[in-house]
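Undergrad: I would like to see how this sequence folds:
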Amino acid sequence: MTIAPGNARRDGSHLYRAMRDVVQSMGDALPGKFEVTKEGIVHDMMSPGGPHEVTAAHVSRRLEKVMPDELLAHNGTPDVEDVPEGIMRHPDVMVIAWADLDVEGSVDPRTVLAAIEIVSRSNPENDWVGKMRDYPLLGIPVYALFDPRTGTGAVLTDIHRTPDGPRYATRKNFVYGEDVTIGEWTISTSGLPRYQGDDLPGHDDEG
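TA: Next up is the predicted model:
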């Protein structure tokens, strides 16, 4: 859900900073995750625990078993932020070097080797549309999505320029149960949980 004006532009750094201040002030007061995009503030009303957090933990642990020691699959704070672009995002898991994580404040998105999102039940378009647009703009070379609604996912790579800005050129879909390669590392997707109950819609895969 976008809850701020939709006319945030690249030259409106004062507006971006104001929205970032609002996000930081609300972070501990309201449930869910707050991010800033060019369209405004996005609030994902995900609840803690459950398949979303379990999937993030599984993916993080499986990646760290096959990555070199100088890297980690981090699933905590901080955010990744590009002030000139007016974007602040919070990947569910980010692959990053320990040295690049050891900074004050937000992480430079261009030090992130891969961003991984567990698709939200409450706001799937944020992951399938918004972040598919923002992560190449931030220079993150690999974007992987795991969708507990459908038991499917995708890995996007190869940033290239388009008339609408940088976009990922290559997309590889997968189904839970298959192995998936994220960057240089291959992990199993077996045993990942699914959201239960309700009639869950299919994902929106427009990028």
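Undergrad: C-alpha only now, for contacts and for neighbours.
TA: OK.
Undergrad: Identify the residues contacting the host helix or strand of Thr181?
TA: Per DSSP states H and E, Thr181 falls inside strand 179-182. The contact list for strand 179-182, computed with CA atoms under 8 Å, 6 or more residues apart in numbering, reads 114, 142, 144, 155, 174, 186-190.
Undergrad: Run through who's touching the lengthiest helix in the chain.
TA: Criterion DSSP state H: the longest helix present in the chain is helix 50-66. Residues outside helix 50-66 that contact it (CA under 8 Å, 6+ apart) are 71-75, 92-93, 117-120, 148, 185-188, 192-195.
Undergrad: got the contacts of strand 179-182 as CSV, with neighbour count and secondary structure columns?
TA: CSV is the format used below for those (neighbours: other CA atoms under 10 Å; DSSP: H, G, I helix; E, B strand; the rest coil):
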residue, neighbour count, secondary structure
Ala114, 24, strand
Val142, 23, coil
Ala144, 26, strand
Val155, 22, strand
Phe174, 18, strand
Thr186, 14, strand
Ile187, 17, strand
Ser188, 16, strand
Thr189, 22, coil
Ser190, 11, coil
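Undergrad: could the residues you listed go into a markdown table alongside pLDDT and distance to Asn126?
TA: Shown next, in a markdown table, are these (pLDDT from 0 to 100; distance: CA to CA, whole Å):
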| residue | pLDDT | distance to Asn126 |
| --- | --- | --- |
| Ala114 | 98 | 17 |
| Val142 | 98 | 17 |
| Ala144 | 98 | 14 |
| Val155 | 98 | 16 |
| Phe174 | 98 | 20 |
| Thr186 | 98 | 25 |
| Ile187 | 98 | 25 |
| Ser188 | 98 | 25 |
| Thr189 | 98 | 22 |
| Ser190 | 97 | 25 |
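Undergrad: What is the nearest of those residues to Pro124?
TA: Taking CA to CA as the measure, Pro124 lies nearest Ala144 of the contacts of strand 179-182, at 13.9 Å.
Undergrad: ok, the closest one touching Thr152?
TA: No - if you go by CA atoms under 8 Å, Ala144 and Thr152 don't touch, sitting 11.0 Å apart.
Undergrad: and Met46, what pLDDT?
TA: Met46 is assigned a pLDDT of 59 by the prediction.
Undergrad: ok, back up a step: only alpha carbons, please: show the strand holding Thr181 as CSV.
TA: Extracted C-alpha coordinates of strand 179-182, given in CSV (Å, rounded to 0.1, in the frame of the first residue of the first chain):
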residue,chain,number,x,y,z
ASP,A,179,17.5,-26.4,-7.2
VAL,A,180,17.9,-22.6,-7.8
THR,A,181,21.1,-20.7,-8.6
ILE,A,182,21.4,-17.2,-7.1
